[in-house]
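S.K.: With the input below, show me the fold.
(one chain, ligands or ions: 1)
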Amino acid sequence: MNRNAAESRIRELRSCIRHHDYLYHIQDRPEISDQEYDRLFRELRELEDRYPELRTPDSPTQRVGAVPLEEFETVQHAAPMLSLDSDVSEDALHRFDQRVRKALGEQVRYVVEPKLDGASAELVYERGRLVRAATRGDGQRGEGITDNVRTIPTIPLRLRAAEAPIPEFLSLRAEVIMRIGAFDAINERLMEEGRPPFANPRNAAAGSLRQLDPQITAQRPLDAYVYDILASSQPVAATQWEVLQVLNQWGLRVNEHERRADSVEEILDFHSGLESQRDDLDYEIDGIVIKLDDLAAREEMGATSHHPRWAYAHKFPPRKETTRILSIVPSVGRTGVVTPVALMRPVELGGVTVSRASLHNREEVARKDVREGDRVRVQRAGDVIPQVIERIDEPDRERAAPFRMPERCPVCETLLIERGPFTVCPNTFDCPAQLAGQLMLFGSRGALDIEGLGEETARLLVQEGLVRHLPDLFDLQPERLMELEGFAEKSAGNLVDGIRQASHVELARFLFGLGIPEVGSTVARALSRHFGTLEALRSADQEALQEVDGVGPIMSEQISAFFGDPRVREILNALLSRVELVEPGPADHQSDVSETSPFDGLRFVFTGGLEGFTREEARERVEALGGRVTSAVSRGTAYVVAGDKPGSKLAKAEALGVAVLDEDGFRRLLAEHQVSDETGS
Ligand code: IVH
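M.R.: Coordinates of the predicted model:
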């Protein structure tokens, strides 16, 4: 293809991709499959690689790619980013409404919107192109986070042409959020790693926006809703309601719950309706915002130095409460890790009664210094997981002794051992708590997907002695099950049926369900694909294991120790006589990296010395996430990691515009990716 043809094809591809982005992100009705989309995207990237001079900053390929900043630039907002006057009481809402009616007369129309609990940002579009984004900062000036905001898929780099002309200059206000599912996944991972979790999705969103390295932000699943025009070179519409429609037509995401309201009564209806839906939303809201619909009337009302007089937030009652810790009890999970759990006097948090919260590990208990009897502040982080935020000091009260981990497993009485910040029961095969956890994993969606085998049932089966070892699961008789509490003929039959159906299982799922240390579903799939049969995997030595993408020395040691354990062998043999494994077979050697590996296809180059890793360890970490380490820098290199005294590769990377990370940046990148990776227990 010559340059002219390439140029027109590039233009065509971009407009096509933008259109599908719009359908997917804004309209929620994609018209093409992910594969088709990827194909278009790849074609565009290849053409731009061939003709780099045709690459433009608003190309869909240019969302991620900027190099890390040294520090954020300070940015003056196009207009002050004020905050909202707010209260939880109905009286205060009435007073707001009265003030408005007094100023404007009795006929008033409002727009009501959810009050999104995220991080506020300014987005500046010039001639329809996103040129700048900033945090709210002090309301006058914020931090320039343009490169980070560019990575958010729902924020268009270029506005769509619509009926309403796009002003030359347009400054918008948006709320950047992290959805609760994404937030929970990140936190779960952090806790598994013994790191402190984010307190709430807002912190997670704000923290992600304030990363100096946009590559890290790109890994955080952020989203954004636009709700206001801060400034524009031409008027866009006469009312907020129209503004929202126009913003949506331009391809920006506007919240789907926005309504109009003409009275306090309607506002309260909206408030209570949204409050009852609050737990079903996949993002956090902390109230509703009421805004004058008529933009000219807004001008008339003006603002105080802090907040506009034309808007007001009617908040929901808080989800933070105080309560007392009744006791701290150790709880044993599948991997044998003993977690201290605070049992608390029940409190209501946003409509849900909470009476227990994990304290994660002994170091966390010590850090928060919480003890039995202490008064604590609790919250539901995100939607579900209750957390102890802090202890409330009560100077006159005598406190109990600090919590101490028991010496023996509270379930099987085996002597506990310490592993980093964690305390572990080493009785892997016979501890009933671990067995129940193992059963749950085995039956979980990513493994055998056994219908009817949830947490409660797993515990019951172990507790009642129906399952003493994993293989017993396949010998369950409906008659015995019916003797258990909560089981009737139908449910017992269903469970046995579910187990029978699940006994025909793909190797990858089976491997994942075994709970091999360090082996999550991604690695399980890679192992299955690489070896083709369980037999081949079982007899592989460490060297052979390391040929699998994503498996390094540490993991290979764990895997080979697992299969070498005589108890495992015994259990495995018993299982194999009961399940029918579906094995891809030795011929199947397409690719070892599953589509879900976060570094899938990314090439890394190391230069200079690293303090915290040997080269071998660094390579292992990259490969564990599906990436590759190569020695030469090219345009196709995703990252150059520059340590101490980097060589010419650094200069080459800079010349080619390849992202450069220092050791800290690399470490953060790993941590980020591990968060979203499914591997690990
Ligand atoms: S309007 C001047 N609308 O709530 C009025 N704000 O202080 C500008 N917020 O920092 C705000 N959802 O980040 C508006 N639908 C919404 C909102 C919203 C959330 C945030 C905003 C602001 C805070 C209130």
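
S.K.: who's sitting farthest from the centroid in the protein?
M.R.: Of all residues in the chain, residue 105 has its C-alpha farthest from the mean position, at 47.1 Å, by C-alpha atoms, centre = their mean.

S.K.: Can you name the residues of this structure sitting close to the ligand?
M.R.: 82-84, 113, 115-116, 120, 173, 175, 227-228, 289, 308, 311, 313 (C-beta under 6 Å from any ligand atom). The way it works is simple: take the backbone N, C-alpha and C, and place the C-beta from them, glycine included.

S.K.: now for the residues you listed, which pair is the farthest apart?
M.R.: Greatest spacing in the residues of the chain next to the ligand, by C-beta to C-beta: 116 and 308 (17.2 Å).

S.K.: These two: which has the busier surroundings?
M.R.: residue 116 (25 against 19; other C-beta atoms under 10 Å).

S.K.: what residues are up against residue 314?
M.R.: Neighbouring residues of residue 314 by C-beta atoms under 8 Å, 6 or more residues apart in numbering: 86, 87, 88, 90, 92, 93, 267, 271, 287, 288, 290.

S.K.: Just give me the closest of those residues to residue 329.
M.R.: Distances from residue 329 to the contacts of residue 314, taken by C-beta to C-beta, are shortest for residue 88, at 34.7 Å.

S.K.: Would you check that the closest one makes contact with residue 316?
M.R.: Yes: Residue 88 lies in contact with residue 316 (C-beta atoms under 8 Å); the separation is 7.2 Å.

S.K.: which neighbours do those two share?
M.R.: The contact lists of residue 88 and residue 316 share residue 287, where a contact means C-beta under 8 Å, 6+ apart.

S.K.: If you count surrounding residues, which of those two has more?
M.R.: Each of residue 88 and residue 316 has its neighbours counted (other C-beta under 10 Å); residue 316 has more, 19 against 14.

S.K.: So the more buried one sits against residue 275, correct?
M.R.: Yes: if you go by C-beta under 8 Å, residue 316 and residue 275 touch, sitting 5.4 Å apart.

S.K.: how far is the helix or strand bottoming out on mean pLDDT in the chain from where the chain is centred?
M.R.: None of the helices or strands of the chain scores lower by mean pLDDT, DSSP states H and E than helix 663-676, at a mean of 77. Centroid displacement of helix 663-676 relative to its chain, using C-alpha atoms, centre = their mean, to the nearest Å, is 14 Å.

S.K.: what's the answer for stretch 600-612, then?
M.R.: Distance, centroid of stretch 600-612 to centroid of chain: 25 Å (C-alpha atoms, centre = their mean).

S.K.: Pull the residues that contact it.
M.R.: 593-594, 615, 618-619, 622, 626-633, 636-647, 649-650, 653, 663, 666-667.

S.K.: Just the ones in strands from these, please.
M.R.: 628, 629, 637, 638, 639, 640, 641, 642 (DSSP state E).

S.K.: gap between the two ends of stretch 66-74?
M.R.: For stretch 66-74, the first-to-last residue distance is 18 Å (C-alpha to C-alpha, to the nearest Å).

S.K.: For the stretch 301-450 of the chain, just list every one of the helices.
M.R.: For the stretch 301-450 of the chain, applying DSSP state H, counting those that start in this stretch gives helices covering 362-368, 432-443.

S.K.: could you give the mean pLDDT of the last one?
M.R.: With pLDDT averaged residue by residue, helix 432-443 scores 96.

S.K.: And for that helix, what's in contact with it?
M.R.: 331-336, 409, 411-412, 425, 427-429, 447-450, 453-455, 458-459, 461-463, 467-470, 473, 502, 513-515.

S.K.: host element of residue 35?
M.R.: helix 34-50 (DSSP states H and E).

S.K.: Off-centre distance for that helix?
M.R.: For helix 34-50, the distance to the chain centre is 26 Å (C-alpha atoms, centre = their mean).

S.K.: just to revisit the earlier point, among the contacts of residue 314, which are located in strands?
M.R.: 86, 87, 287, 288, 290.

S.K.: Make a ChimeraX selection of the buried ones in those residues.
M.R.: The ChimeraX selection below is limited to those of the ones in strands among the contacts of residue 314 classed as buried (16 or more other C-beta atoms under 10 Å):
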select :86,287,288,290
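
S.K.: bridging residues for residue 344?
M.R.: residue 325 (DSSP bridges).

S.K.: Distance check, it against residue 354.
M.R.: Taken as C-beta to C-beta, to the nearest Å, the spacing of residue 344 relative to residue 354 amounts to 7 Å.

S.K.: again, but for residue 25
M.R.: 34 Å.

S.K.: Would you mind telling me which of the two has more residues around it?
M.R.: residue 354 (22 against 18).

S.K.: Quick check: bridge partners of the residue nearest to that one when sequence neighbours are not counted?
M.R.: Distances taken as C-beta to C-beta, 6 or more residues apart in numbering place residue 386 nearest to residue 354, at 4.3 Å, with adjacent residues excluded. Applying DSSP bridges to residue 386 gives these bridge partners: residue 380.

S.K.: quick one: pLDDT of residue 386?
M.R.: The model's pLDDT for residue 386 equals 86.

S.K.: low pLDDT regions in the stretch 51-200 of the chain?
M.R.: Scanning the stretch 51-200 of the chain for pLDDT under 70 picks out no residues.
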